[in-house]
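**Student:** Next comes the sequence, and after it the predicted model I'd like to discuss.
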Amino acid sequence: MPNKISRAALLVPLLLLSLNALVVVGIASSQDAPSAHWTYEGEEGPGFWDELAPDYALCGTGRAQSPIDITGEQEVNLADLTLNYQPSALNIFNNGHTIQVNYDQGSTLVYNENEYQLVQFHFHHPSEHTINGEAFDMELHLVHRDANGALAVVGVMLREGEVENPAYAPIFGHLPSEAGEPEATDIRVSAGDLLPESHLYYTYSGSLTTPPCTQGVRWLVLETPVEVLAQQLEAFASIFELNARPVQPLNVRDLLYDGSAGE
Ligand SMILES: [Zn+2]
């Protein structure tokens, strides 16, 4: 009997540990190795994601999904985004769903006293979030993860402009048209320069916008768009004509806007 008790006492923390590991692995693998093939159109498109694999169920049943139409936001004083971004090698690749840049370690976002590492950024065409019903040409997602595996994504709207933004040139100049593995290059990229000057943002709690649509993602969508050239938009669109999930219902979630006019 004493043996049994001590074994049970050992098992409980072990079980908790492995559950934690599962959650973290689940979030990490969601960006790398989804359990079933999916697309943005047709029979494996967004309306069917929840039927493609058991772990995609939240794509259909989740009540806190992303993206959303940003409208009717509540204006409050929100914490500033503290971005400690360093330049990184341009580890750029086509993962079959988007063009992604894996970011070197050492760049952080501090939000509400929680520190997140910038892990990667990638693009959607057209934008996934809409603002008062308006879609933008593209949307940049900077994905951050904290020590517990929780995600915070900074969204930046891109629209067509006349002046080339030098921060985007190395990315749009090296878009891999074929799916493949990340390859380190000598080219440098600076994530901080990809953002607009104003960091005023909308925020809500949502999900990954790709299967398995994991919830609990802190979304920080910047209000001010950034301009890129028409030929840059065309270069991306020639690889991904459509890689945006349609907007999802807000349901009973807070959608807040930083009206503090800081930064
Ligand atoms: Zn995304």
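**Tutor:** Looks like it arrived, so ask away. Numbering: from 1, shown residues only.

**Student:** so where is this structure shaky, pLDDT-wise?
**Tutor:** 1-34, 260-263 (pLDDT under 70).

**Student:** Repeat the analysis, applying 90 as the threshold.
**Tutor:** 1-35, 182-185, 258-263 (pLDDT under 90).

**Student:** residue ranges of the helices in it, please?
**Tutor:** All helices of the chain, identified by DSSP state H, fall at 2-32, 49-52, 58-61, 169-172, 230-239.

**Student:** buried residues in the second one?
**Tutor:** Read it as helix 49-52. Using 16 or more other Cβ atoms under 10 Å as the test for burial, helix 49-52 gives 49, 50, 52. Every residue, glycine included, has its C-beta placed from N, CA and C.

**Student:** swap in the fourth one?
**Tutor:** Within helix 169-172, the residues that qualify as buried by neighbour count (16+ other Cβ under 10 Å) are 170, 171, 172.

**Student:** Can you lay out these as CSV showing distance to residue 159?
**Tutor:** Shown next, in CSV, are the buried residues of helix 169-172 (distance: Cβ to Cβ, whole Å):
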residue, distance to residue 159
170, 20
171, 16
172, 14
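
**Student:** Out of those residues, flag the one nearest to residue 196.
**Tutor:** residue 171 (16.1 Å; Cβ to Cβ).

**Student:** residues touching that closest one, list them.
**Tutor:** Counting by Cβ atoms under 8 Å, 6 or more residues apart in numbering, residue 171 makes contact with 90, 92, 99, 101, 189.

**Student:** Against residue 145, how distant is it?
**Tutor:** Computed as Cβ to Cβ, to the nearest Å, the residue 171 to residue 145 distance reads 21 Å.

**Student:** How much space separates the closest residue to residue 236 other than its chain neighbours from residue 40?
**Tutor:** Nearest non-adjacent residue to residue 236, counting by Cβ to Cβ, 6 or more residues apart in numbering: residue 125, 5.5 Å away. The gap separating residue 125 from residue 40 is 10 Å, by Cβ to Cβ.

**Student:** joint contacts of these two?
**Tutor:** Common neighbours of residue 125 and residue 40 (Cβ under 8 Å, 6+ apart) are 242, 243, 244.

**Student:** Now the second one: phi and psi?
**Tutor:** Note on residue 243: backbone dihedrals following degrees, to the nearest 10 are phi -140, psi 50.

**Student:** Tell me the spacing between it and residue 57.
**Tutor:** Residue 243 is 22 Å from residue 57, by Cβ to Cβ.

**Student:** who's more crowded, the two?
**Tutor:** Using other Cβ atoms under 10 Å as the criterion, residue 243 and residue 57 rank with residue 243 on top: 24 against 15.

**Student:** who's in contact with the more buried one?
**Tutor:** Contacts of residue 243 (Cβ under 8 Å, 6+ apart): 40, 97, 98, 123, 124, 125.

**Student:** Filter these down to just the ones in strands.
**Tutor:** 123, 124 (DSSP state E).

**Student:** Next, format the contacts of residue 243 as TSV and append neighbour count.
**Tutor:** Listed next are those as TSV, based on neighbours: other Cβ atoms under 10 Å:
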residue	neighbour count
40	18
97	18
98	19
123	23
124	26
125	21
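
**Student:** Looking at the contacts of residue 243, which one is closest to residue 73?
**Tutor:** Nearest member of these to residue 73, counting by Cβ to Cβ, is residue 124, at 20.9 Å.

**Student:** what's the span of stretch 224-233 from first residue to last?
**Tutor:** One end of stretch 224-233 sits 18 Å from the other (Cα to Cα, to the nearest Å).
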